[in-house]
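**Student:** Sequence first, predicted coordinates after that:
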Amino acid sequence: MTKKIFAGIGFLLFLFLSLGINSAKATIQTPQDSIKKTLPTLKEEARLQALIDIYTLIAMGDDIQGELAALKDLRTEAARQGNADYEGQARVKQVFCFYNYNMLDSLEKVLPNHLKFMAQHGQWDYYYNSWEAKIESLLYADRTQSALKETQSMYDDAKDRNNNYGLGVSSHSLGIIYQTLQRYDLAIKSFDEAVERLTKEEDISLLLSTYNVLCETLDADQKYTQMLAVAEKWKTTIDDYKRGAEERGLTPMLNGRYMYCYLALTVAHFQTGNTAQAEQYMDIAKELAKRRGMVSQFKLLHIQTRLYEHLGDYDKAIACADTNYQRVIDFGDSVSALTVLENKARILRKAGKGMDAALTYEYVMAAKDSLRNLDMAAQLDELRTMYEVDQLILEKKISKSQLTILFIISLSLVLLLVGYIFYTTRLNRKNKVLYEKIRRVQQAENQVEKTLEHAPEGSLSKEQALFRELNKLFAEKKSFTNHKLGRKELSEMLGTNATYLGIAIKKCAKGMTITEYINRIRLVHAGNLLIDTPQLPVDAVGEESGFNSRSTYFRLFRDYYGMSPSEFRNISKQKSKKVIS
């Protein structure tokens, strides 16, 4: 944004020091309490700035209600003073508060009124950045079609207002959506327009982000000569900004910006044949990445892996991929983990480790199939919701003619019926395919377990032997059906400790934790009960399988099987009828 939203850093540091000096007092006060004490003595803008400082301190924690209350106080005081700038700050901060806490419903509820206020006062940076926050939230919620529709509306709005910044923001958002859909040609075109427009703006934050995603898209589309040219412009833009800031006596924090730029230059150079320059840029990027966050480390390791692969140093490439995979798994990003494994499988194949490559590919493909089916179901749900919303909007607009209303309602019902039939048919077909794939995967996993079960004792590692004992315990005692079973209890049953058991499961069960593996066994058991005991209610199946929460049972079942327990049972009945007939 072009305006400074956060200020008063010196004042906050003074308050922290004051608190340190007075820490021996019986009653310990928070920094915001100290600021609140000064409020009655402050006038006009100083009072508003103090309210922003209070919000800033609360926002350092994880207190959504505290943040919203502080923003309400700021907005009320700004309205009382008639200060539109501070009220606009309060409104845009509320939007990003909902965005940061993944509260899309609340964001959608307040956004129209906030946009109206910002437009009335010409706060176009707040206006379009708030709108963009909604679009990004829709993307994170896998509502891609809704995000695309919203972005087109924002672009049309900016075009009608002839607002260059709005056109730049909406072009950037449109490029992100096309990149997500792997429509790289359209994404590149949108990003190019965003760069052209954002270059004219004083604030370069979004411009630098656009350079980043444009280089990523060119990389994915294997347009490395064009990528090199863009990355060099990107670096020039950062250099010019840094030079200008230093001339004004400022020291901008640009390590992160430079790191991503140098990583893009690394890829572009080794892909266009300049390996020596690529290695130099990689060394610079590694220095810039020190003490940076996990996301930066993921990106660095990903590019390092590719560089080592390009150099033919497959051992180092595999080691980088393994490190990156473990970090991504620990971070909880299973989708990125699949990308890391896919890259590793390719490198294993180049290194002549065909069996390891095949096993890794097999796991990745099975996981991707499951993700694609879940994504298809989500997109169908979204399209149906959009259709229903559009119908409701259409019905509200019809008010003059009773005959027209009846006609539209009748037509809507017919279309809904046709859409429902089409959707259910597609969903049923998808579920049948998914059911078969899951049963095949389970059969393959059972075969692996049987191989371990019958393997000679001396041929197994310690981890494999412990894993075999675990599966034997589950098969004979059905101990997983006890919903209180946890790491400690299971370890004691096996005469080991939770740490060693966790290592054994991670090595033998494709990186799962103890809890994940227990739940996987419960889910397989639940699937078998749904097939073998049709008289047992669906909810009772969850209880019999060891789940103590209906919501947890349904959520994990859908995540694993890609459908609800009821849908799974219906499909299994259809399969059994075909076998009998």
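**Tutor:** Perfect, thanks for sending it. Keep in mind the model is a prediction, meaning the values are calculated, not measured. Residues are numbered from 1 along each chain as shown.
**Student:** Leu536 is in what secondary structure piece?
**Tutor:** Assessed by DSSP states H and E, Leu536 sits outside every helix and strand.
**Student:** residue contacts, the residue nearest to it when sequence neighbours are not counted?
**Tutor:** Closest residue to Leu536 apart from its sequence neighbours, by CB to CB, 6 or more residues apart in numbering: Leu529 at 6.2 Å. Using the backbone N, CA and C atoms, a C-beta is placed for each residue, glycine as well. Contacts for Leu529 were tallied using CB atoms under 8 Å, 6 or more residues apart in numbering; they are 536, 541, 544-545.
**Student:** any idea what sits nearest Glu201, other than its immediate chain neighbours?
**Tutor:** Nearest non-adjacent residue to Glu201 (CB to CB, 6+ apart): Tyr165, at 5.7 Å.
**Student:** Which residue is the nearest non-sequential neighbour of the spatially most central residue of the chain?
**Tutor:** Geometric centre of the chain, nearest residue: Tyr140, 5.6 Å, by CA atoms, centre = their mean. Counting by CB to CB, 6+ apart, the nearest residue to Tyr140 once its immediate chain neighbours are dropped is Asn102, at 7.1 Å.
**Student:** What of Tyr241?
**Tutor:** Nearest one to Tyr241, counting by CB to CB, 6+ apart, is Ile204 at 5.6 Å.
**Student:** phi, psi of the one you found?
**Tutor:** phi -100, psi 10 (degrees, to the nearest 10).
**Student:** ok so, going back, OK, contacts around the residue nearest to Glu201?
**Tutor:** Neighbours of Tyr165 in contact, by CB under 8 Å, 6+ apart: 124-125, 128, 158, 197-198, 201.
**Student:** and the residues you listed, which of them are in helices?
**Tutor:** If you go by DSSP state H, the contacts of Tyr165 have 124-125, 128, 158, 197-198 in helices.
**Student:** Using a markdown table, please lay out those together with distance to Ser171 and pLDDT.
**Tutor:** Shown next, in a markdown table, are these (distance: CB to CB, whole Å; pLDDT from 0 to 100):
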| residue | distance to Ser171 | pLDDT |
| --- | --- | --- |
| Trp124 | 15 | 95 |
| Asp125 | 16 | 94 |
| Tyr128 | 11 | 95 |
| Ala158 | 9 | 95 |
| Arg197 | 7 | 96 |
| Leu198 | 8 | 95 |
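**Student:** What is the nearest of these to Asn519?
**Tutor:** Tyr128 (43.4 Å; CB to CB).
**Student:** So, low pLDDT: which residues of the stretch 101-250 of the chain?
**Tutor:** Counting by pLDDT under 70, the stretch 101-250 of the chain has no low-confidence residues at all.
**Student:** Could you pull out the strands in it for me?
**Tutor:** Counting by DSSP state E, counting those that start in this stretch, the stretch 101-250 of the chain yields no residue ranges for strands.
**Student:** Might you list the low-confidence residue ranges for this protein?
**Tutor:** Low-confidence segments of the chain (pLDDT under 70): 1-29, 367-410, 412, 414-455, 457, 575-581.
**Student:** Domain ranges for it, per the record?
**Tutor:** Domain segmentation of the chain under automatic domain parsing yields 1-140, 353-448, 455-581.
**Student:** In the stretch 101-250 of the chain, what residue spans correspond to helices?
**Tutor:** 104-120, 124-140, 144-161, 164-180, 184-198, 205-220, 224-247 (DSSP state H, counting those that start in this stretch).
**Student:** now the ones you listed in a markdown table, with distance to His483?
**Tutor:** Below are these laid out as a markdown table (distance: least, CB to CB, whole Å):
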| stretch | distance to His483 |
| --- | --- |
| helix 104-120 | 32 |
| helix 124-140 | 32 |
| helix 144-161 | 37 |
| helix 164-180 | 39 |
| helix 184-198 | 47 |
| helix 205-220 | 44 |
| helix 224-247 | 53 |
